[in-house]
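J.: Could you work out the structure for the sequence below:
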Amino acid sequence: MGLIESSEELMKYISDMNRDNSVIQFSILGKGKFTLVLQEESEQSIKADIERNPHLGQMIRESQSAYEEGKGITTSELLKSLSEKDFE
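T.: Residues are numbered from 1 along each chain as shown. All right, here's what the predicted structure looks like:
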């Protein structure tokens, strides 16, 4: 588990992720420990997952609705919300 000391470092970790390197664990002082999982953007994959687990479909619809209502944030917005104080 790596200690992230800047938003640039976090973006480097994210940009280096791929199919073979799809999970990273890291911590941010003052925030906590995180596990980030890269999932492929495949409609077939998502559709198959929803068919296997209907509750997942409900969760996705609720998440989309919350985002449309302005209750969610993008990864970019999350990164912008972090400051150097969060990494002290």
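J.: Lowest mean pLDDT among the helices and strands, pick that one out for the protein.
T.: helix 43-52 (a mean of 78; mean pLDDT, DSSP states H and E).
J.: Roughly how far does residue 66 sit from residue 75?
T.: According to C-beta to C-beta, to the nearest Å, residue 66 stands 16 Å off from residue 75. Backbone N, C-alpha and C define where each C-beta goes, glycine included.
J.: Sorry, wrong one. I was asking about residue 35.
T.: Applying C-beta to C-beta to residue 35 and residue 75 gives a distance of 15 Å.
J.: where does this protein dip in pLDDT?
T.: Counting by pLDDT under 70, the ranges of the chain that qualify are 1, 41-44.
J.: And the helices in it?
T.: Ranges of helices in the chain, per DSSP state H, are 7-15, 43-52, 54-68, 75-81.
J.: what residues does the first one touch?
T.: Same thing as helix 7-15. Helix 7-15 has contacts (C-beta atoms under 8 Å, 6 or more residues apart in numbering) with 2, 4, 24, 26, 36, 75, 79, 80, 82.
J.: Need the buried ones from those selected in ChimeraX.
T.: Filtering the contacts of helix 7-15 down to the buried ones (16 or more other C-beta atoms under 10 Å) takes a single ChimeraX command:
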select :4,24,82
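J.: Output the contacts of helix 7-15 as TSV; include the columns distance to residue 48.
T.: Converted to TSV, the contacts of helix 7-15 look like this (distance: C-beta to C-beta, whole Å):
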residue	distance to residue 48
2	32
4	33
24	25
26	29
36	23
75	25
79	31
80	34
82	35
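J.: can you name the two of the contacts of helix 7-15 that are farthest apart?
T.: Within the contacts of helix 7-15, 2 and 80 form the most distant pair, 21.1 Å apart (C-beta to C-beta).
J.: Leaving out sequence neighbours, find the closest residue to residue 21.
T.: The shortest distance from residue 21 to any non-neighbouring residue, by C-beta to C-beta, 6 or more residues apart in numbering, is to residue 38 (8.0 Å).
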